[in-house]
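Engineer: fold the following for me, if possible:
(one chain, ligands or ions: 1)
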Amino acid sequence: MQKSYEKADHFVADEDIVESLKSEASAVSPETQGKLEELAKDVANDILQEYGSHMSDAAKERVENLPKRVLVLEEADFSETLRAWLPKRQHVGDNAAGTYVLMGDFIVLSNERTDLEHRVSNFLSAYPEADKEIARQVILKMSLIKSLAHEIVHAHQDSKDTTEHDDLRAYYSRLAFDECGVAFITEEICNKMFPERLNISYHREEERRDYFKHLKDKYGEEIYDILFVKVPQNDEASYLEREAGILSEFPHEKKKDLGIY
Ligand SMILES: [Zn+2]
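Structural biologist: Numbers count the residues shown, from 1 in each chain. Have a look, this model is predicted:
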């Protein structure tokens, strides 16, 4: 059976690398960075509480420090970091505000695309009497909750192979499944944590969520084991069989409908 996802060694960028990127290239003030880490922590806690039983211990351990590994960079540094750290095949859409970098286990967001620091400073100068802490918190949530939650959900999926595969079809089917599941969970988190937000959808997001909902009704809760790559010890075969069943729900036409190709 073709394995679409091999277990791969997970390289975690040294604490120093992340810290120096943060201190040398961060596009946001330390106060904004602090609020960002708080928000990331709230999101990660919620994911663990809701879906922790579907995750491997390794994945749970790995994400412990994730909230401290969220960076906001200016466009040039953002693109440069992605070029340096992302595997060749994983290209990020032009409009993506951020991405989870599996190879280094950190999340990078574009200051320009999220418009983050700009919004914060505009707001604070327009409303100097506002409570700065609260203003930062609300603006951050408004601008970032969706992209941040999306990337944090990805980070909770266990290691997946990022090397080149012969079986492109399986690779893209798994990618489509991941994006559907992550879109579905992201919406649940956002509804719970920030129901008063404006609901702006990205490309094919609703179709992806609806399709995951349909698969969840069909396969039950254990679909989350496959999404988070929880492979039972000594029974990889059953995992692969269940994964193959789910991936067979993503024929070419379906992937096209979901905007994955
Ligand atoms: Zn994604």
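
Engineer: so where does residue 145 fall, helix or strand?
Structural biologist: For residue 145, the element it lies in under DSSP states H and E is helix 132-155.

Engineer: so what does that helix touch, helix or strand wise?
Structural biologist: Secondary-structure packing of helix 132-155 (3 or more Cβ pairs under 8 Å, 6 or more residues apart in numbering; DSSP states H and E): helix 30-51, strand 98-101, strand 106-110, helix 111-114, helix 116-126, helix 168-193. Where C-beta positions appear, they are placed from N, C-alpha and C, glycine not excepted.

Engineer: most tightly surrounded among these?
Structural biologist: Ranked by mean neighbour count, the helices and strands packed on helix 132-155 are led by strand 106-110 with a mean of 25 (mean count of other Cβ atoms under 10 Å).

Engineer: dump that strand to PDB, keeping only the CA atoms.
Structural biologist: Below are the C-alpha coordinates for strand 106-110, written out as PDB (Å, rounded to 0.1, in the frame of the first residue of the first chain):
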ATOM      1  CA  PHE A 106       7.500  27.600  14.000                       C
ATOM      2  CA  ILE A 107       4.800  29.800  12.700                       C
ATOM      3  CA  VAL A 108       5.600  32.800  10.600                       C
ATOM      4  CA  LEU A 109       3.100  35.600   9.700                       C
ATOM      5  CA  SER A 110       3.600  38.500   7.300                       C
END
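
Engineer: and it, what does it pack against?
Structural biologist: strand 70-73, helix 75-85, strand 98-101, helix 132-155.

Engineer: so what's the residue most central in space within the chain closest to, chain neighbours aside?
Structural biologist: In the chain, the centroid-proximal residue (Cα atoms, centre = their mean) is residue 151; its distance is 1.6 Å. Of all residues not flanking residue 151 in the chain, residue 100 sits nearest, at 4.3 Å (Cβ to Cβ, 6 or more residues apart in numbering).

Engineer: dump the residue contacts of the one you found.
Structural biologist: For residue 100, the contacting residues are 106-107, 151-152, 154-155, by Cβ atoms under 8 Å, 6 or more residues apart in numbering.

Engineer: and residue 210, how many neighbours?
Structural biologist: 14 (other Cβ atoms under 10 Å).

Engineer: state whether it is indeed within a strand.
Structural biologist: No: counting by DSSP: H, G, I helix; E, B strand; the rest coil, one finds residue 210 to be helix, located in no strand.

Engineer: show me the contacts for it.
Structural biologist: Contacts of residue 210 (Cβ under 8 Å, 6+ apart): none.

Engineer: look up how far residue 60 lies from it.
Structural biologist: For residue 210, the distance to residue 60 equals 29 Å [Cβ to Cβ, to the nearest Å].

Engineer: what does residue 66 give?
Structural biologist: 11 Å.

Engineer: more neighbours: the two, which one.
Structural biologist: A side-by-side neighbour count of residue 66 and residue 60, using other Cβ under 10 Å, places residue 66 first with 21 against 14.

Engineer: list the contacts of the closest residue to the more buried one other than its chain neighbours.
Structural biologist: Of all residues not flanking residue 66 in the chain, residue 155 sits nearest, at 5.5 Å (Cβ to Cβ, 6+ apart). Residues in contact with residue 155 (Cβ under 8 Å, 6+ apart) are 63, 66, 100, 105, 107.

Engineer: next one: residue 39
Structural biologist: Residues in contact with residue 39 (Cβ under 8 Å, 6+ apart) are 137, 140-141, 144-145, 148.

Engineer: hang on, the earlier thing: partners of the residue nearest to residue 151 in the sheet?
Structural biologist: Here residue 100 sits in beta bridges with residue 107, going by DSSP bridges.

Engineer: how close does residue 251 get to residue 260?
Structural biologist: The value you get for residue 251 to residue 260, if Cβ to Cβ is used, is 12 Å.

Engineer: likewise residue 237?
Structural biologist: From residue 237 over to residue 260 the distance is 27 Å, taken as Cβ to Cβ.

Engineer: again with residue 150
Structural biologist: From residue 150 over to residue 260 (counting by Cβ to Cβ), the distance is 15 Å.

Engineer: neighbour count for those two, which is higher?
Structural biologist: residue 150 (27 against 18).
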